[in-house]
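Asks: Pasted the sequence and its predicted model underneath.
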Amino acid sequence: MLDKRDEILDIVQPILDASGFELVDLTISVAKKPVIRIYVYRADGVTVDDCADISRAVEFEFDSVDLFNRRYCLEVSSPGLDRPLKTERDFRRNIGNQVRLFLNRQENMKQELNGVIKECSASGLTLSLKEQDAFLEWDNILKGKLVY
């Protein structure tokens, strides 16, 4: 099923782009039937009706190309308040907010840092810590979470 991820993205992304939504995450799990979860974001919010509209459009496309050759479950939702920050876009949107960053394991560096996102660049972000600012390259950041 994971080999279908690119095919799924090729179907989902244009639908979201046309509707003004950003794809936050896409997960695929397989039990008795495939379960595809699509998490979407839009600056002015995501309603239940938005999720239903996206779901109908995606289901129509999945079914028209017979992507799975069997039954599947599709879930579309907003990622919620405690969603992980994964993309550069996620971090840019949260400049000025306090976050907890989860980092790749490195020598002489903590695996988690708490601070305020000060700025973002193409190569990484600057995190304002209590004692100083720290620049972290994107490759060293696994994910982040907003701290409320």
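Replies: Nice, I can see it.
Asks: which residues touch the longest helix along the chain?
Replies: Ordering each helix of the chain by length in residues (DSSP state H) puts helix 48-64 first. Applying Cβ atoms under 8 Å, 6 or more residues apart in numbering, the contact partners of helix 48-64 are 11-12, 15-16, 19, 21, 38, 40, 42, 68, 72, 74-78. Just so you know, the C-beta spots here come from the backbone N, C-alpha and C atoms, and that holds for glycine as well.
Asks: Let's see that with 7 Å instead.
Replies: 11-12, 15-16, 19, 21, 40, 68, 74, 76-77 (Cβ atoms under 7 Å, 6 or more residues apart in numbering).
Asks: show me where pLDDT drops low in the chain?
Replies: Per-residue confidence for the chain (pLDDT under 70) gives these ranges: 1-2, 106-110.
Asks: mind checking how far the residue nearest the centre of the chain is from residue 66?
Replies: By Cα atoms, centre = their mean, the chain has its centre lying nearest to residue 24, at 2.9 Å. Distance of residue 24 to residue 66, given as Cβ to Cβ, to the nearest Å: 27 Å.
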